[in-house]
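[1] next input, structure requested:
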Amino acid sequence: MIVQPRRKTNDPEGTRKRILDAAARLFTERGYAGTSLGEVAEAAGVQTSLIPYHYESKERLWSETCNALAQPMLELAESMVSGTTRPDLMELLERRFRLMQDSPHLQKLILWMGMGQAPMPTGPRQVIPKMLEAFSRTMQSQPDDLRRTFMLIVAAMDGWFLHRRALATIAAPDADPNELDEAFLAYLLKIARDEVTILRETQ
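    Down below sits the predicted model:
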């Protein structure tokens, strides 16, 4: 962990952002119970007293962190649910992958909550049913085999973003992480396209 030097500041928004960024890193690595406000302050390079000043409590900081990270996923889900045009299956899979790629902390924070290790803030609580509704709208007219394949691919994506560091170290320690992401996405989309082709040929 990189410790930021403490410094005085007249930039409250900058201070809030440093605290939020540090909280996201530490909550992701250690969970809610395993992270103290003192550790967040040290990582952010601020006095511990500034955290309750800006965020009131540890639970409020956790909530603000999760809500901020969940917002892009919530916006995507709402656009898919409210849109008049349903996204193509491949587009939906790729958009989900890109969102997880751009929000590396979110998946682990949701895992901590799913394990009962932390309270569930408003943002993630809204995201999960919205995403399920969006996927349901896209998949409701698809054959059973394709729906099963789709859910397996989604589960594979989640597993990738939870464990990709370890997987990359084992499979390709010298590879560029972005190249591995692109190779994995291409592989998943190929599986989906092959399934679509098979279903069309057997109809």
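
[2] for this protein, what's the longest helix?
    As assigned by DSSP state H, the longest helix anywhere in the chain is helix 144-171.

[3] ok, then the element right after that helix?
    Sequence order places helix 177-202 as the next helix or strand after helix 144-171, per DSSP states H and E.

[4] so for this structure, the centremost residue is which one?
    L106 (3.1 Å; CA atoms, centre = their mean).

[5] what's it in contact with, if anything?
    Counting by CB atoms under 8 Å, 6 or more residues apart in numbering, L106 touches 69-70, 73, 100, 124. For glycine as for every other residue, the C-beta is placed from the backbone atoms N, C-alpha and C.

[6] try L61
    Neighbours of L61 in contact, by CB under 8 Å, 6+ apart: 19-20, 23, 37, 40, 51, 55.

[7] from A118, how far off is it?
    In this structure, L61 and A118 are 12 Å apart, going by CB to CB, to the nearest Å.

[8] ok, Q101 next?
    Between Q101 and A118 the distance is 23 Å, computed by CB to CB.

[9] between those two, tell me which one has more neighbours.
    Comparing Q101 with A118 by other CB atoms under 10 Å, the one with more neighbours is A118, at 23 against 16.

[10] circling back to that earlier point, now render the contacts of L61 as CSV, adding distance to D88.
    Output for those, formatted as CSV (distance: CB to CB, whole Å):
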residue, distance to D88
I19, 40
L20, 35
A23, 37
L37, 45
V40, 42
I51, 45
Y55, 41
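
[11] got a markdown table for those, with distance to S79, pLDDT and secondary structure too?
    Below are these laid out as a markdown table (distance: CB to CB, whole Å; pLDDT from 0 to 100; DSSP: H, G, I helix; E, B strand; the rest coil):
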| residue | distance to S79 | pLDDT | secondary structure |
| --- | --- | --- | --- |
| I19 | 30 | 95 | helix |
| L20 | 25 | 93 | helix |
| A23 | 27 | 93 | helix |
| L37 | 36 | 95 | helix |
| V40 | 33 | 95 | helix |
| I51 | 34 | 93 | helix |
| Y55 | 29 | 93 | helix |
